[in-house]
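J.: From the sequence below, what's the structure:
(chains A and B)
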Amino acid sequence: MPLDSPPVVDSTTTVALDTPYDVVVWDDPITLMTVVTRVLMKVFGFPKEKAHHLMLTVHNEGRATVWTGELSKAEQYCIKLHAHGLLATVEPSR
Amino acid sequence: MSAPFEAARGGVNVELSDDVRVLIAEMAQSISTGVGDDSHPFAARLAPPITVTKDSDDPFLVLIRGDAICTAAQITHATSNATWLEADEAEAWFQTLQVASTTLAATLGVHRAEDLERVDPDSLTMVRILQELLSYLVDALDDPPELPPTGLGT
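T.: Residues are numbered from 1 along each chain as shown, chains lettered A, B, ... in the order given. Have a look, this model is predicted:
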């Protein structure tokens, strides 16, 4: 291959790896608002104000994106939320 | 119910009746048993889908999640008669009581607010007790830590 040839890049793979994913917390009728706030502070290390704001979004809109980033990290966060009894999913970021 | 949990000595004091302690121990036991057992009534709520665009989730992640739930439940069960919990044990109670209340509600068919009206109130009693305990426990865990005395000239 000549030295001045452009490198072959598998753009499909590159895009797939770079796709950000959202961690979404869903409202449920049983979980207390104070519990949602506390779990978000504990799992993500959010300050109380941010966790409280996200909790209100979950409560008022039925869901809230609480974190966006790499898939494997999003899944790690999601299972921690599950282990604290919260309804959460990971989905491609919109 | 008077406050059953109170922040104390870096942990939480626990003052509960024997009946409530038995309820907590039984719920913790059910959660431990339900993790990884697809036939258990709690199974679906204990193992919800993680990534919605995947046909099935990574078994390793499912294992880690089950282990985290189970460990907290086992700590809660082992300390269900304690009158004082270390901070880590209190966190395990927090986790287990929350998992217990949501899992129990799901098995009663409560998935949306409207479902609460259709469920027999007696069946919801246990969920309400767990919610009340959680509320008190959050208050105790969020209490500012006790500061050491700051006397001068000692």
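
J.: going forward, measure contacts and count neighbours with C-alpha atoms only.
T.: Will do.

J.: What distance do you get for the residue nearest the centre of chain A to chain B?
T.: Among the residues of chain A, A:Val23 comes closest to the average C-alpha position under Cα atoms, centre = their mean, at 2.1 Å. As judged by Cα to the nearest Cα, to the nearest Å, A:Val23 and chain B stand 9 Å apart.

J.: and the residue nearest to that residue when sequence neighbours are not counted, helix, strand or coil?
T.: Leaving aside its sequence neighbours, A:Val23 sits nearest to A:Val90 (Cα to Cα, 6 or more residues apart in numbering or on different chains; 4.7 Å). Three-state assignment for A:Val90 (DSSP: H, G, I helix; E, B strand; the rest coil): strand.

J.: With B:Leu130 instead?
T.: Of the three states, B:Leu130 takes helix according to three-state DSSP.

J.: That one and B:Leu97 touch, don't they?
T.: Yes - the pair formed by B:Leu130 and B:Leu97 meets the contact definition of Cα atoms under 8 Å, at 6.2 Å.

J.: Pick out whichever of those two has more residues nearby.
T.: The residue with more neighbours, out of B:Leu130 and B:Leu97, is B:Leu97; 28 against 22, by other Cα atoms under 10 Å in any protein chain shown.

J.: ok, so what distance separates that one from chain A?
T.: Separation of B:Leu97 from chain A (Cα to the nearest Cα) stands at 9 Å.

J.: Then B:Ala78?
T.: 19 Å.

J.: Would you enumerate the residues in contact with the residue nearest to A:Val23?
T.: By Cα atoms under 8 Å, 6 or more residues apart in numbering or on different chains, the contact list for A:Val90 reads A:Tyr21, A:Asp22, A:Val23, A:Val24, A:Leu71, A:Ala74, A:Glu75, A:Cys78, B:Ile50, B:Thr51, B:Val52.

J.: Run through the residues that contact the residue most central in space within chain B.
T.: Of all residues in chain B, the one closest to the mean position by Cα atoms, centre = their mean is B:Leu97, 1.8 Å from it. Counting by Cα under 8 Å, 6+ apart, B:Leu97 makes contact with B:Ile24, B:Leu130, B:Gln131, B:Leu133, B:Leu134.

J.: Where does the fourth one sit, in terms of helix or strand?
T.: In this assignment (DSSP states H and E), B:Leu133 forms part of helix B:121-141.

J.: Check which residues of that helix are buried.
T.: By 16 or more other Cα atoms under 10 Å in any protein chain shown, the buried positions in helix B:121-141 come out as B:124, B:126-127, B:129-138, B:140-141.

J.: near chain A, from those residues?
T.: Among the buried residues of helix B:121-141, the residues that sit close to chain A (Cα under 8 Å from any Cα of the partner chain) are B:Gln131, B:Leu134, B:Ser135, B:Val138.
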